[in-house]
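Chemist: Need coordinates for the below:
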Amino acid sequence: AFILPGLIVLVSFSSCSSGGIMNYLRKTDGSFYRVLIAPIQRSSIVLGQILEAILCSLLETGIMIAASLFFSVRIASGPAGMLLIVLLVFVSAFFMAGLAYAISLTLPNEVVYETAMNALVLPAFFLSTALFPADSMSGILAVLVNLNPFTHVVNALRQLILEPVTPHRTIILVVLLFAI
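Modeler: The predicted structure is shown next:
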């Protein structure tokens, strides 16, 4: 149960990164340019592609939580906690999908894109509390971990999964971090 929140964030990272790869595939087959000349607002195109990545993240998270039930993991905060988990995954996936989409539009090909995304995702994942608690850290590592917004997502998810009390303050902090 301790590692489940970290896995949820990692799965969200990977599905949002895959959304950027789809831009390169759309450019290769020409459908990207056909969508651009369609009589719809550009913001709708961007929002639609971001929401596609978010939907994939939510589906994968749902599958992971359902699979974790077979390993006796229970959501201690109940149905309200489950809704808050969905909110946290949505907010963090929205941020990551938007970032991945913007990066995919600026880089020349998918090889450079994959390299750039790995350079962002892996440090963000390993410099969070996804795999180990922050209590045992000190010095510059502790500072870097606390500056990482995904540390706070993992901590909020972990509190929702392991503790019956809903961490309202942590959830508000996470939403504000990604809103800025």
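
Chemist: List the buried residues in the host helix or strand of L176.
Modeler: For L176, the host element (DSSP states H and E) is helix 168-179. Of the residues in helix 168-179, 170-171, 173-175, 177-178 count as buried by neighbour count, 16 or more other CB atoms under 10 Å. Bear in mind the C-beta positions are built from the backbone N, C-alpha and C, glycine included.

Chemist: Redo these as CSV? Include pLDDT and distance to L131.
Modeler: Formatted as CSV, the buried residues of helix 168-179 follow (pLDDT from 0 to 100; distance: CB to CB, whole Å):
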residue, pLDDT, distance to L131
T170, 77, 19
I171, 78, 22
L173, 77, 21
V174, 78, 19
V175, 77, 24
L177, 74, 21
F178, 75, 22
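
Chemist: ok, so of these, who is nearest P39?
Modeler: When these are ranked by distance to P39 (CB to CB), F178 comes first, at 31.9 Å.

Chemist: tell me the residue furthest from the middle of the protein?
Modeler: Residue farthest from the centre of the chain, counting by CA atoms, centre = their mean, is P39 at 30.9 Å.

Chemist: So that one, which state does it fall into?
Modeler: Here P39 is recorded as coil under DSSP: H, G, I helix; E, B strand; the rest coil.

Chemist: Find the nearest non-adjacent residue to A80, please.
Modeler: T166 (6.4 Å; CB to CB, 6 or more residues apart in numbering).

Chemist: Now do the contacts for that neighbour.
Modeler: Contact analysis of T166 by CB atoms under 8 Å, 6 or more residues apart in numbering lists 77, 80-81, 84, 159-160.

Chemist: Which of those residues ranks first by neighbour count?
Modeler: Of all those, the highest neighbour tally under other CB atoms under 10 Å goes to L160, namely 26 neighbours.

Chemist: Can you tell me, leaving aside adjacent residues, what's nearest to that residue?
Modeler: Spatial nearest neighbour of L160, excluding adjacent residues (CB to CB, 6+ apart): G81 at 4.3 Å.

Chemist: Which neighbouring elements make contact with the helix or strand hosting that neighbour?
Modeler: Using DSSP H and E, G81 maps to helix 78-106. With contacts taken as 3 or more CB pairs under 8 Å, 6 or more residues apart in numbering; DSSP states H and E, helix 78-106 sits against helix 4-29, helix 42-69, helix 110-126, helix 149-162, helix 168-179.

Chemist: just so I know, which of these lies nearest A100?
Modeler: Counting by CB to CB, A100 lies closest to helix 4-29 out of those; the figure is 3.9 Å.
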